[in-house]
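J.: Just to be clear, the model below is a prediction. Sequence and coordinates:
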Amino acid sequence: AQTVTQSQPEMSVQEAETVTLSCTYDTSESDYYLFWYKQPPSRQMILVIRQEAYKQQNATENRFSVNFQKAAKSFSLKISDSQLGDAAMYFCAYRSGWQGGSEKLVFGKGTKLTVNP
Amino acid sequence: ETGVTQSPTHLIKTRGQQVTLRCSSQSGHNTVSWYQQALGQGPQFIFQYYREEENGRGNFPPRFSGLQFPNYSSELNVNALELDDSALYLCASSFNGGRARSSYEQYFGPGTRLTVT
């Protein structure tokens, strides 16, 4: 079974600074997808960024980028120019690429990010 | 484009009762997944529905059941409620069109907060 580990329960960053959230995962599959989701106090889970395992290039979405190290099974999220609205719980998630099963997401326990003004 | 909606927002039930939670998928999506998120934890996969049939199930007992309707909306039913069922229940929708056309991302609704007393 796949597992996702987020070793930082809480992180803080100054507004306009850069912060990196860590995520490691365990799988025997070669085809899979990785995601970062943001969950603000409003509770709604918002997709931040996606990475396909077969792509060597790291995904970027505006101020958000990932460092995907497939051999090390590491998938960190970098937030540049942090804004107050970035404060939230961040969850790393894994999805198998195998089409024979469900598309379930396996989540880590989350990292609470605080942005200080 | 209409996002994922869930009802009700909050619900309080007594141990032993039954509850039904509802989810409307995002426009164009045909797959619905349900997750349970206990306080301070990441979401846990309950089950997924595709083409009105269960397409994968997590480690949840049979008293958790579901339905998907022809319009792709879905219900989650929980019988014989237990105190540990108190959690945020998240619904997510996605598009499964086969490997070449699936969206792979899941988009979440705002959740239903269930409290069992």
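T.: Yep, it's here.

J.: Nearest the middle, which residue of the chain would you pick?
T.: Just going to use chain A. A:W36 (3.0 Å; C-alpha atoms, centre = their mean).

J.: looking at chain B here, not the other one
T.: Taking C-alpha atoms, centre = their mean, chain B has its central residue at B:W34, 2.7 Å away.

J.: List, one by one, the residues from chain B near chain A.
T.: Contact residues (C-beta under 8 Å from any C-beta of the partner chain) of chain B with chain A: B:31, B:33, B:35, B:40-45, B:47-48, B:50, B:55-58, B:88, B:90, B:92, B:94, B:96, B:98-99, B:102, B:104-111, B:113. Any C-beta I mention is one placed from the backbone N, CA and C, and that applies to glycine too.

J.: Tell me the residue of chain B that sits nearest chain A?
T.: The minimum distance from chain B to chain A, using C-beta to the nearest C-beta, falls at B:G56 (2.3 Å).

J.: wait, that residue sits on B:Y49?
T.: No. Assessed by C-beta atoms under 8 Å, B:G56 is found out of contact with B:Y49, at 9.2 Å.

J.: More neighbours: those two, which one.
T.: More crowded of B:G56 and B:Y49, by other C-beta atoms under 10 Å in any protein chain shown: B:Y49, with 27 against 15.

J.: distance of the more buried one from A:Q39?
T.: Distance, B:Y49 to A:Q39, by C-beta to C-beta, to the nearest Å: 23 Å.

J.: if we can go back for a sec, next up, identify which helix or strand the residue nearest to the centre of chain A is on.
T.: Per DSSP states H and E: A:W36 is located in strand A:32-39.

J.: mind listing what the helix or strand of chain B with the lowest mean pLDDT pairs with, with the direction of each?
T.: Using mean pLDDT, DSSP states H and E, strand B:53-57 stands out as the lowest-scoring helix or strand of chain B, at a mean of 90. Partners of strand B:53-57 in the sheet, by DSSP bridges, are strand B:44-50 (antiparallel).

J.: C-alpha coordinates for the partner strand, PDB please?
T.: Written as PDB, here are the backbone C-alpha positions of strand B:44-50 (Å, rounded to 0.1, in the frame of the first residue of the first chain):
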ATOM      1  CA  GLN B  44      -9.200   9.000   4.200                       C
ATOM      2  CA  PHE B  45     -10.700   7.500   1.100                       C
ATOM      3  CA  ILE B  46     -14.100   5.900   1.800                       C
ATOM      4  CA  PHE B  47     -15.200   4.800  -1.800                       C
ATOM      5  CA  GLN B  48     -15.600   6.000  -5.300                       C
ATOM      6  CA  TYR B  49     -18.500   5.900  -7.800                       C
ATOM      7  CA  TYR B  50     -18.200   5.700 -11.500                       C
END
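
J.: Tell me which residues are up against it.
T.: A:102-107, B:30-38, B:54-60, B:64, B:66-68, B:74, B:76, B:96 (C-beta atoms under 8 Å, 6 or more residues apart in numbering or on different chains).

J.: Of those, which belong to strands?
T.: A:105-107, B:31-37, B:54-57, B:64, B:66-68, B:74, B:76 (DSSP state E).

J.: ok so, going back, so what sits against both of B:G56 and B:Y49?
T.: Counting by C-beta under 8 Å, 6+ apart, nothing touches both B:G56 and B:Y49.

J.: that older thread, ok, the residue nearest to the centre of chain A touching A:V66?
T.: Yes. Contact criterion C-beta under 8 Å: A:W36 and A:V66 qualify, at 7.1 Å.
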